[in-house]
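Attaching a predicted model along with its sequence, questions to come.
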Amino acid sequence: MHDNKHHLPHTCVIYDPPAPNVPWLLAFFGPDRELLSAEAFETVSAALNRLSNSVNVFIEAAPRGPGQRVWRVKLAD
């Protein structure tokens, strides 16, 4: 059984590569803004695929900043 934090909104961010030969980065942040995990990907498509397989509910898309894509989500069990 997951603790209550698992059911609160989390934030997922896909960061663009900051330089050539640097991967895309998918990061999951908990409700208290702690970094839960981060994973590197060769393409944004691969990062989006991992994100879609990790999330139960997309609550909202947050405003996008330069070089990032942000979502508020509930994580899959």
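Arrived safely, thanks for sending. Numbers count the residues shown, from 1 in each chain.

where along the chain do the strands fall?
Residue ranges of the strands in the chain, as given by DSSP state E, are 10-15, 24-29, 35-41, 55-61, 68-75.

Now the third one: buried residues?
By neighbour count with 16 or more other C-beta atoms under 10 Å, strand 35-41 contains the buried residues Phe41. Any C-beta I mention is one placed from the backbone N, CA and C, and that applies to glycine too.

Sheet-wise, list the partners of it with their directions.
Strand 35-41 has the following strand partners under DSSP bridges: strand 24-29 (antiparallel).

C-alpha coordinates for the partner strand, PDB please?
Written as PDB, here are the backbone C-alpha positions of strand 24-29 (Å, rounded to 0.1, in the frame of the first residue of the first chain):
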ATOM      1  CA  TRP A  24      16.900  14.500 -22.700                       C
ATOM      2  CA  LEU A  25      16.100  14.200 -19.000                       C
ATOM      3  CA  LEU A  26      12.800  13.100 -17.500                       C
ATOM      4  CA  ALA A  27      12.500  14.000 -13.800                       C
ATOM      5  CA  PHE A  28       9.700  13.100 -11.300                       C
ATOM      6  CA  PHE A  29       9.200  15.400  -8.300                       C
END
